[in-house]
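> Task: produce atomic coordinates for the following.
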Amino acid sequence: MTTPQQPAPRKKTGRRPGSTDTRRVVLEAARAEFAVRGYEKASMRAIGRAAGVDAALLHHYFGSKDRLFLAALEFPVDPRVVVEQVLAGDRATVGERVATFVLTLWEQPGVLDRLLALVRAAATTEQVAQLMRGFVLEELVRRAAVELDIERPELRTELMLSQIIGLAMARYVIGVEPLASATREELVPLLAPTFQGYLAGA
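Predicted coordinates for the structure are as follows:
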């Protein structure tokens, strides 16, 4: 009587979770998926399929689609954290908090360069502009609008963003003086009333 042979252990396939190679492949797949479908229509399942990993692995390591997007584009700030920080506290001083937050953020090494690179890419590449549009609208503007008890909160938030982006271009890209060399302490009192008007209707 012969003993039935035990089946050989199945060789594991797919990518090893958590390895540097897997992360690189996932981020490449995410960038491609976001580029083709845009931020709103891209799915974790499709990105996982393109990367050869289970979508559950993406949720485990990145948590959510917006965090995967931030990692894929090397976005230097998390809009969710921005909204939480600037809208927390007394609404009578929200304009000052926004101005202080933005100018302080730009002074951090590496952050300004990365943000300006994204702005420049969005200005010259429709594909990047489309991605940024969807992401900013969904993760920043709409999140902030929910918290604001004012008329037309999305429009007001976008107006404030347009001023912040314009400020960055004039101060850091074009370098107009005396704006380029003005200190944060000089600029915050000048910017705060305008931001306050957008976000508090004052």
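> For the rest of this, base every contact and every neighbour count on C-alpha atoms.
Noted.
> which residues touch E139?
D66, P79, R80 (Cα atoms under 8 Å, 6 or more residues apart in numbering).
> Break the chain into its domains for me.
Structural domains annotated on the chain: 19-73, 79-200, as defined by the TED database.
> for G175, what are its contacts?
Residues near G175 by Cα under 8 Å, 6+ apart: M169.
> try the one 10 residues further on
Residues counted as contacts of E185 (Cα under 8 Å, 6+ apart): none.
> Spell out which helix or strand contains it, please.
helix 184-200 (DSSP states H and E).
> Pull the distance from that helix to the chain's centre.
23 Å (Cα atoms, centre = their mean, to the nearest Å).
> what mean pLDDT would you report for it?
On average, the pLDDT along helix 184-200 is 94.
> May I see the buried residues of the longest helix seen in the chain?
In the chain, assigned by DSSP state H, the helix with the most residues is helix 20-41. Buried residues in helix 20-41, counting neighbours by 16 or more other Cα atoms under 10 Å, are found at 22-23, 25-34, 38-39.
> circling back to that earlier point, could you tell me the least trusted of the domains of the chain?
Minimum mean pLDDT among these: domain 19-73, a mean of 83.
> how far does that domain sit from the chain's center?
With Cα atoms, centre = their mean, you get 14 Å for domain 19-73.
> Same question for stretch 162-174.
That offset, for stretch 162-174, works out to 18 Å (Cα atoms, centre = their mean).
> What residues of it count as buried?
I164, L167, A168, M169, R171, Y172.
> Any chance of the backbone angles for the nearest residue to the first one once chain neighbours are set aside?
It stands for I164. Closest residue in space to I164, ignoring its immediate chain neighbours: V102 at 7.9 Å, by Cα to Cα, 6 or more residues apart in numbering. Main-chain dihedrals, V102, degrees, to the nearest 10: phi -60, psi -50.
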